[in-house]
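**Student:** Predicted model, plus sequence, below.
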Amino acid sequence: MAEAIFNNILLLKGKDDICVSSAGTAAWEGDPPSRSAVEVLREKGIETGDHRARRLIEQMLDSADLVLCMTRLQKKNISGLFPQFRDKVFSLYEYAYLGEDDEQFKGKDVLDPYGMSVETYRKCIEEINTLLERISEQI
């Protein structure tokens, strides 16, 4: 969802020189997005196209300028597996509020709505959208 949302935000802002790609640390390679994710993205006018899940590999991190994770645990896991890339790995909340003194956001995570209600997906998409809008102004 975050990839589709961020691509949409960047497209609307005319920032077409930024490449966004997603991969998971526990993704089932080749899986399509969940039906609920597709449904709520379409409600926002965002299509997922032929997106399929990919598992994160070292080459992806090597070619990335910035790696954004949904949770602090994902950040920790990626930094542990690939310590050479830890300086470019951030949680979404951490990067969205980078340089600010407001600690209330730095300890937050975007929770995975997988298997939950469509309403939970809607709330998650709003949260991701808000954070990525903020990040889009920083890059």
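**Tutor:** Now that the structure is in, tell me what you want to look at.

**Student:** I'd like to check what contacts the helix or strand of the chain with the lowest mean pLDDT. Which residues are they?
**Tutor:** Using mean pLDDT, DSSP states H and E, helix 103-106 stands out as the lowest-scoring helix or strand of the chain, at a mean of 71. Applying CB atoms under 8 Å, 6 or more residues apart in numbering, the external contacts of helix 103-106 come out as 93-94, 96-97. Heads up, the C-betas are built off the backbone N, CA and C, glycines and all.

**Student:** Which neighbouring elements make contact with the helix or strand just after that helix?
**Tutor:** Using DSSP states H and E, the helix or strand that follows helix 103-106 in sequence is helix 118-136. With contacts taken as 3 or more CB pairs under 8 Å, 6 or more residues apart in numbering; DSSP states H and E, helix 118-136 sits against helix 2-12, helix 35-43, helix 92-96.

**Student:** out of those, deepest packed?
**Tutor:** helix 92-96 (a mean of 22; mean count of other CB atoms under 10 Å).

**Student:** packing partners for it?
**Tutor:** strand 67-69, helix 103-106, helix 118-136.

**Student:** picking up where we left off before, looking at the helices and strands packed on helix 118-136, which is closest to Thr71?
**Tutor:** Nearest to Thr71 among the helices and strands packed on helix 118-136 is helix 92-96 (8.4 Å), distances taken as CB to CB.

**Student:** Give me the contact list for that closest one.
**Tutor:** 2, 66, 68-70, 72, 75, 105-110, 128, 131-132, 134-135, 138.

**Student:** Show me the contact partners of stretch 30-40.
**Tutor:** Residues contacting stretch 30-40 (CB under 8 Å, 6+ apart): 1, 41, 48, 51-53, 113-114, 116-118, 121-122, 125.

**Student:** Could you tell me the end-to-end distance of it?
**Tutor:** Start-to-end span of stretch 30-40 (CA to CA, to the nearest Å) is 21 Å.
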